[in-house]
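# fold the following for me, if possible:
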Amino acid sequence: MSIRSILGLLCLAGGLFAFIVFFERPYHDSLELAKSKRLFPVLSPKQLSIIEIRGGSNTNVRAERSENSWRLTQPISYPADEKVIQRFLTMLENVDFIHHLSAKDLSSRTNLQEEFGFNSPSYTVLLKGAAVEARIEISTNSIASDQLFLQIVGGDGVYVLPAEMLSYLPTNANQWRSREVFSTNAGRASGILVKNAAKGFQLQKTNNFWRMVAPLECRANDSKVDSLLEELVRARVETFVTDDGKSDLESYGFLSSGFELQLVRGGSVESIQAGNSPTNAPDLIYVKRIGSSTVALVKKEIINAWKTTHADFRDKHLLSSEKEFPQKVIGKGEDRFEFSANNRTNWAMAAPFEGKGDSFYAERLLTLLTTNEVELEKSVVTDFAPYGLDKPCLRYEFSTNGQIATNFYLSIEFGTNTAGKVFAKRSDEAFVCQFPAEKLSYLPKASWQFLNHKPWSFQAKEIKSITIFQKNRIRKIIRNKDGEFIVAPGSQGFINPFSIEESIYRIGSLEVPVWESRGQPSQNEFGFEQERHQIVFQFEQPDRKDLAIDIGVTSALQIHGGAMIGGTYMVFELPMKLYYEFISNDFIVPLDPLKTK
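Okay, the predicted model is just below:
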């Protein structure tokens with residue numbers, strides 16, 4: 001192919017490209033636009049800053065946008081409902097007309113305005129914004145109830161549109177005003193002030209956690225505060241009562257109640273007053289924004305959640321699970337012990353067991369401190385002796401690299417000077433609390449209480465015989481040649497071999513709730529002498545020592561076990577379920593040896 005032919009083809013291709021770009025495509029787009037039934041094909045809601053709607057049963061409603069938020073300016077000044085206005089703007093942007101009667105189509109009509117009802121339009125909509133200004137007149141003069149007439153003043157002719165468009169127009173200002181009690185930003189408040197006669201309090205958020213700063217300095221209940229803030233953000237006005245700034249505020253109970261809720265975020269402050277409930281709607285309550293004349297009704301329960309004492313917002317746990325979860329714990333009771341963790345579930349003893357302690361008790365200690373609530377005993381304390389806290393019986397020290405601060409350090413002390421009561425105090429709080437007395441025994445006070453919570457493990461097939469001693473009576477259970485448990489010769493009565501096997505399994509898989517004592521206890525301290533009840537397991541393996549378990553009862557709710565563990569006699573709490581459902585049925589010696597078991 002010659003150079004001239006190639007150049008000719010290139011010129012032809014360039015010409016076709018220019019034709020497509022500069023003629024074909026614009027022509028095609030103009031045809032598509034002409035065929036479109038979009039009323040405002042190039043309108044963008046972002047262009048608009050003023051919307052004014054006149055007519056209907058309402059007075060003029062005017063909304064103005066400033067800094068990306070809409071506000072009503074007529075007939076009242078009030079925050080607008082952003083979602084409702086956005087739906088209106090989206091409708092304008094996307095609404096399609098049914099028919100279009102051009103000015104040419106209507107040129108023969110001499111009474112056009114009266115015929116279509118534009119001499120007295122049902123609605124007039126004014127739109128203003130950057131490079132946009134339009135006046136829209138709407139008439140419901142159509143004989144078809146599901147249609148309306150619309151004209152854009154200065155535009156081409158009349159449009160027929162679906163009457164559904166009217167549902168987007170406000171019939172009164174309340175339909176376009178915000179029903180939020182607090183703005184969405186209030187949910188990110190950093191300060192809360194509650195004025196409620198003598199029961200007021202103040203909260204401050206620091207490092208993403210809430211603290212009470214008045215009337216008591218302490219940790220606040222984070223989950224409760226955040227939850228109630230969310231409810232405030234979701235709360236909506238049920239009814240707007242009045243916008244009259246001269247109305248009698250006391251008739252709504254604002255002055256007598258003295259309640260005010262203030263939310264602070266940066267330099268922004270939102271406050272409301274709350275009054276009484278109307279007699280015909282006791283589940284609602286009058287509220288009023290500070291600086292506004294509007295009185296409204298909202299659900300009473302939302303406000304009542306804040307109309308309480310500061311005690312209900314205090315964190316009632318000695319340790320806050322999220323913000324204070326430690327990496328190291330040092331205990332000081334009978335001796336000193338220490339354990340640490342790489343994460344929340346991998347605890348290891350650092351002293352004195354050097355990694356051999358049972359993490360079960362470390363995890364339970366933290367669970368006890370983070371789940372059991374404590375009651376405020378006294379808010380201002382100068383003498384700690386009456387509470388046993390001048391010489392505490394137990395002290396825990398915690399260190400963490402958590403979110404509050406680097407190397408955060410905290411100690412919690414326990415005292416028991418008053419019978420039946422256990423007192424506790426945190427090092428960073430000045431007040432004294434009451435800790436549940438029945439839980440004290442579960443707090444480890446010595447290193448030996450971190451022994452393995454599974455002191456042994458065996459199954460029924462490993463047991464050769466069981467001897468039960470109870471006071472002066474003896475019963476022996478053996479396994480026969482068929483592997484079934486039976487009453488041994490010389491012992492009388494009957495047993496259920498299946499129940500015996502289940503009881504052996506339960507004892508063989510025992511998990512000790514708490515180690516109570518080390519060494520031989522004092523006489524009858526745990527009820528061993530009084531009960532003289534012992535179960536001895538003999539194993540099939542000849543090299544495995546017999547296991548003798550003493551049973552003691554000091555009350556219906558306090559059952560104890562004792563056994564030699566690693567060469568030391570240990571006393572432990574025996575689970576009540578194990579005692580009452582299994583041991584007391586299968587491993588006792590009845591007074592009447594012929595009694596069926």
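# which parts of stretch 155-175 are buried?
Within stretch 155-175, the residues scored as buried using 16 or more other CB atoms under 10 Å are 157-161, 165, 168-170, 173-174. Every C-beta, even on glycine, is put in place using the N, C-alpha and C of the backbone.
# stretch 189-209 now?
Result for stretch 189-209 [16+ other CB under 10 Å]: buried residues 189, 191-194, 196, 199-205, 209.
# ok, now stretch 228-247?
For stretch 228-247, by 16+ other CB under 10 Å, it's 228-229, 231-233, 235, 237, 240-241, 243.
# what is the nearest of those residues to Tyr387?
Closest approach between the buried residues of stretch 228-247 and Tyr387, by CB to CB: Leu228, at 32.5 Å.
# on the three-state scheme, the closest one is what?
Classification of Leu228 by DSSP: H, G, I helix; E, B strand; the rest coil places it in helix.
# neighbours around the closest residue to it other than its chain neighbours, how many?
Excluding the flanking residues, the one nearest Leu228 by CB to CB, 6 or more residues apart in numbering is Ala305, at 5.3 Å. Residue crowding around Ala305 was assessed by other CB atoms under 10 Å; the count is 14.
# about what we covered before: let me have the buried residues of stretch 228-247 in JSON lines, extended by pLDDT and distance to Leu368.
Formatted as JSON lines, the buried residues of stretch 228-247 follow (pLDDT from 0 to 100; distance: CB to CB, whole Å):
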{"residue": "Leu228", "pLDDT": "95", "distance to Leu368": "27"}
{"residue": "Leu229", "pLDDT": "94", "distance to Leu368": "29"}
{"residue": "Glu231", "pLDDT": "95", "distance to Leu368": "31"}
{"residue": "Leu232", "pLDDT": "94", "distance to Leu368": "33"}
{"residue": "Val233", "pLDDT": "92", "distance to Leu368": "35"}
{"residue": "Ala235", "pLDDT": "95", "distance to Leu368": "37"}
{"residue": "Val237", "pLDDT": "97", "distance to Leu368": "45"}
{"residue": "Phe240", "pLDDT": "95", "distance to Leu368": "51"}
{"residue": "Val241", "pLDDT": "95", "distance to Leu368": "50"}
{"residue": "Asp243", "pLDDT": "91", "distance to Leu368": "55"}
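# tell me which of those fall in strands.
Of those, the ones assigned to strands by DSSP state E are 240-241.
# could I get the buried residues of stretch 228-247 as a markdown table with distance to Ser77?
Output for the buried residues of stretch 228-247, formatted as a markdown table (distance: CB to CB, whole Å):
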| residue | distance to Ser77 |
| --- | --- |
| Leu228 | 29 |
| Leu229 | 26 |
| Glu231 | 27 |
| Leu232 | 23 |
| Val233 | 22 |
| Ala235 | 22 |
| Val237 | 16 |
| Phe240 | 14 |
| Val241 | 17 |
| Asp243 | 9 |
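# out of the buried residues of stretch 228-247, which is nearest to Ser122?
Nearest to Ser122 out of these is Phe240 (CB to CB; 24.7 Å).
# which stretches in this protein count as helices?
3-19, 25-35, 82-94, 112-116, 222-234, 254-257, 300-304, 359-371, 497-508, 528-531, 576-578, 584-586 (DSSP state H).
# on that earlier part again, let me know the closest of the buried residues of stretch 228-247 to Ala563.
Leu228 (51.1 Å).
# go ahead and confirm that closest one touches Trp306.
Yes. Contact criterion CB atoms under 8 Å: Leu228 and Trp306 qualify, at 6.8 Å.
# re the thing from before, what is the nearest of the buried residues of stretch 228-247 to Leu547?
For those, the nearest to Leu547 is Leu228 (54.8 Å; CB to CB).
# measure the closest residue to Glu231 other than its chain neighbours to Asp312 for me?
Using CB to CB, 6+ apart and skipping the chain neighbours, the partner closest in space to Glu231 is Ile302 (5.7 Å). For Ile302, the distance to Asp312 equals 15 Å [CB to CB, to the nearest Å].
# then Ala362?
Going from Ala362 to Asp312 by CB to CB gives 31 Å.
# can you dump the C-alpha coordinates of stretch 315-330 into CSV?
Only the C-alpha atoms of stretch 315-330 are listed here, as CSV (Å, rounded to 0.1, in the frame of the first residue of the first chain):
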residue,chain,number,x,y,z
ASP,A,315,-19.6,2.4,88.3
LYS,A,316,-20.4,0.0,91.0
HIS,A,317,-17.7,-2.5,90.2
LEU,A,318,-14.3,-2.4,91.9
LEU,A,319,-12.6,-3.0,88.6
SER,A,320,-13.9,-1.7,85.2
SER,A,321,-13.6,-4.6,82.8
GLU,A,322,-12.8,-2.7,79.6
LYS,A,323,-10.7,0.3,80.6
GLU,A,324,-8.8,-1.2,83.5
PHE,A,325,-8.1,-4.8,82.5
PRO,A,326,-4.7,-5.4,84.0
GLN,A,327,-1.6,-7.1,82.6
LYS,A,328,-0.2,-7.8,86.0
VAL,A,329,-1.7,-8.4,89.4
ILE,A,330,0.1,-8.5,92.7
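# quick one: average pLDDT of it?
Averaged across stretch 315-330, the pLDDT comes to 85.
# same deal with stretch 80-90?
The model assigns stretch 80-90 a mean pLDDT of 95.
# next one: stretch 246-255
Mean per-residue pLDDT for stretch 246-255: 88.
# roughly how far is it from the heart of the chain?
Distance of stretch 246-255 from the chain centroid (CA atoms, centre = their mean, to the nearest Å) equals 36 Å.
# contacts for that stretch, please.
Stretch 246-255 is contacted from outside by 241, 256, 273-276, 286, 288, 293, 295, using CB atoms under 8 Å, 6 or more residues apart in numbering.
# in it, what counts as buried?
For stretch 246-255, a neighbour-count test (16+ other CB under 10 Å) marks 249, 252-254 as buried.
# tell me the two of those that are most distant?
Leu249 and Gly253 (8.5 Å).
# chain neighbours aside, what residue packs nearest to Val95?
In space, Val95 is closest to Leu39, 5.0 Å off (CB to CB, 6+ apart).
# Glu82 versus Leu89, what's the distance?
Distance, Leu89 to Glu82, by CB to CB: 10 Å.
# between those two, which one's more packed in?
Taking other CB under 10 Å, Leu89 and Glu82 do not tie; Leu89 has more neighbours (20 against 16).
# surely that one touches Leu48?
Yes. Applying CB under 8 Å as the test, Leu89 and Leu48 come out as touching, 6.7 Å apart.
# joint contacts of those two?
Common contact partners of Leu89 and Leu48 (CB under 8 Å, 6+ apart): none.
# how far does stretch 509-517 stretch from start to finish?
Here the two ends of stretch 509-517 are set 21 Å apart, with distance taken as CA to CA, to the nearest Å.
# that stretch: which residues count as buried?
Neighbour-count burial for stretch 509-517 flags 510, 512-513, 515-517 (criterion: 16+ other CB under 10 Å).
# that older thread, quick one: the buried residues of stretch 246-255 as a markdown table, columns for distance to Thr59 too.
Shown next, in a markdown table, are the buried residues of stretch 246-255 (distance: CB to CB, whole Å):
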| residue | distance to Thr59 |
| --- | --- |
| Leu249 | 25 |
| Tyr252 | 25 |
| Gly253 | 30 |
| Phe254 | 27 |
